[in-house]
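okay, structure incoming, though there's no sequence with it:
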């Protein structure tokens, strides 16, 4: 062995004893020529090949190791993160071996390292397979660590209960406006904006619901000096506006309390009438009329009694009797020259006829106009008919419509006077000020002070980071959870929103209805079909499905009232205890959010359990399943790590 062999043997025994006693050692064997270059390179390659054994960084290489003289080579210590080695000389390397943190593995590794150094120092005959045996032994110990019976597999599944939440929302339609004493009140989604002057910046915003829990404010009226608003399909609310710039919410009546889903309000002879899905509610005594009817128009007082248009038929509240044909009625002022008369709109497939009726509800003047009709307004001695693409106004004299003005505007919904010549106009484009005639601020028949919003969105493209959505009113670029900006790009789509998708447990398709034009029912239910079963899931009354998206085994349904997420209660994907091929399908509602609809597009996010949604008139945003409680919880157990104590 040579003169140094006993010394080396003594050092090996000392190192092994230290390993066994402490479990964490310093193996100090200062032997010249240990792991020479001709041996280290194949050893390094073999150690790297072991895959879970030891990994030495390239910074510790053969020349460095071969050049050491009496240097402590390795320091081993146990930690919660694994097996760490570093050179005392300052050239670092490491081996992350978590399953070798126990004493017996350190002992074994220390033993093998010592044997390797001992045989190298003693220069055993070349035909001895010692090095090969040592390398195989190292590999075997790596495998033994993986098969350690004390290993416990951790379940890292996030088991927290998750709720569908609206995490971001921008844009939408400003459906209605009312001006009193120079102060604007604007319904913008579920918010009431309070503005003044030219309406550029809100001085106050009243938010009725948390995001994703309520519809849009679609109608406003004054009653007993208070401001009354309809939250479309959800509630009727009341604000005290004795301080005009600081409205105070004093009453909130839900659709459940009313017995109908409210759509419109009218104050007639100081009596508040609320129209909606299910009939008409009279606030003075709580009486309901036209039970079960879908009523979206406003009540008027006629010579026959209170009446309301239902579809294209005007019916009396008391006995449902038909008294005339109109879709919308507005009482005329005395200056119109038709005592007890009304302005009316009769809506057809491609437009509407707008005109005047006498007290018997017979037409005395009218003009057909193409386009999608939105609202009739009477103010400043003129009749205003608001369509999606233009506003038409007439002077009313002696029962006739005169001096028409046709103003092109995209996306108007409502109008209110600011002065004799200025009018506040709101809609899916945003809001602005309309100048009827030439004045000191500019020429007539023009708009100023426009505030744009992404309101009308008919087409949409998604690249994983941004959405490009819009219509003829303009296209908007929306970075996820960011601020949308007007874009000069446009979208020309040959595809339409998905109405049929394939899930892992069934196929889902929006029902096409029976084709009855008188009572359209397309989109009223979702049809599911698996290999062994079929079933239908029906939407709430007067709610229609528009788009389907498969996302993580669930079905996301975009409809006129928002988004509903469905799943199969007896699917093996959502319930591991269920059989693989159930003979029945039971559809359950996992979650839903209330949004101004209809929802036309749902784009799944690349990461997380959520999607970007795009509404036709309700803006766009992000809906996600998020946990109700934080991931990190306080830990009461005292740490045993010396590094933390």
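Received, thanks. It should be emphasised that the depicted structure is a prediction, and the values quoted were computed from it without experimental measurement.

from here on, contacts and neighbour counts on C-alpha atoms
Noted.

which residues does stretch 353-363 contact?
The contact list for stretch 353-363, computed with C-alpha atoms under 8 Å, 6 or more residues apart in numbering, reads 302-303, 323-325, 338-347, 364-369, 385, 399-401.

same check on stretch 418-438?
Applying C-alpha under 8 Å, 6+ apart, the set of residues contacting stretch 418-438 is 172-177, 179, 182, 186, 198-199, 380, 410-417, 442-456, 473, 617.

quick one: which of those residues sit in strands?
Among these, the members found in strands (DSSP state E) are 174-177, 179, 186, 412-417, 446-452.

what count of nearby residues applies to residue 289?
17 (other C-alpha atoms under 10 Å).

which strand residues bridge it?
residue 280 (DSSP bridges).

got phi/psi on residue 308?
Dihedral pair for residue 308: phi -150, psi 140, per degrees, to the nearest 10.

would you mind measuring from the residue nearest to it when sequence neighbours are not counted to residue 275?
Leaving aside its sequence neighbours, residue 308 sits nearest to residue 299 (C-alpha to C-alpha, 6 or more residues apart in numbering; 4.6 Å). Residue 299 sits 7 Å away from residue 275, going by C-alpha to C-alpha, to the nearest Å.

any shared contact partners between those two?
Contact criterion C-alpha under 8 Å, 6+ apart; residues shared by residue 299 and residue 275: residue 265.

just the contacts of stretch 353-363: which are in strands?
Among those, the members falling in strands are 302, 323-325, 342-347, 364-369, 385, 400-401 (criterion: DSSP E).

in PyMOL, how would I select just the buried ones from those residues?
The buried residues among the ones in strands among the contacts of stretch 353-363 can be selected in PyMOL (16 or more other C-alpha atoms under 10 Å) with this line:
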select buried, resi 302+323+324+325+342+343+344+345+346+347+364+365+366+369+385+400+401
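
so, low pLDDT: which residues of this protein?
Scanning the chain with the threshold set as pLDDT under 70 gives 1-155, 157, 493-495, 517-518, 570-582, 629-645.

hang on, isn't residue 523 packed against residue 513?
Yes - Residue 523 is in contact with residue 513 according to C-alpha atoms under 8 Å; the separation is 6.9 Å.

more crowded one of these two?
When residue 523 and residue 513 are compared for neighbours, residue 523 comes out ahead with 20 against 13, by other C-alpha under 10 Å.

residues touching residue 487, list them.
Contact analysis of residue 487 by C-alpha under 8 Å, 6+ apart lists 474, 475, 476, 477.

identify the farthest-apart pair in those residues.
Maximum pairwise distance in the contacts of residue 487, criterion C-alpha to C-alpha, is 10.3 Å, between 474 and 477.

who touches both of the two?
In contact with both residue 474 and residue 477: 486, 487, using C-alpha under 8 Å, 6+ apart.

more crowded one of the two?
Per other C-alpha under 10 Å, whichever of residue 474 and residue 477 has more neighbours is residue 477, with 23 against 20.

that one and residue 490 touch, don't they?
No - counting by C-alpha under 8 Å, residue 477 stays clear of residue 490, with 9.9 Å between them.

find residues that contact each of those two.
By C-alpha under 8 Å, 6+ apart, the residues touching both residue 477 and residue 490 are residue 468.

what about residue 379, distance to residue 227?
Counting by C-alpha to C-alpha - residue 379 and residue 227 are separated by 19 Å.

comparing these two, which residue is more hemmed in?
For residue 379 and residue 227, the more surrounded residue by other C-alpha under 10 Å is residue 227, and the numbers stand at 21 against 13.

and the more buried one, how far from residue 421?
25 Å.

likewise for residue 429?
When residue 429 is compared with residue 421 (using C-alpha to C-alpha), they lie 21 Å apart.

what about those two, which has more around it?
More crowded of residue 429 and residue 421, by other C-alpha under 10 Å: residue 429, with 26 against 14.

so what sits opposite residue 363 in the bridge?
With DSSP bridges as the rule, residue 363 is bridged to residue 357.

how much space between it and residue 327?
Counting by C-alpha to C-alpha - residue 363 and residue 327 are separated by 13 Å.
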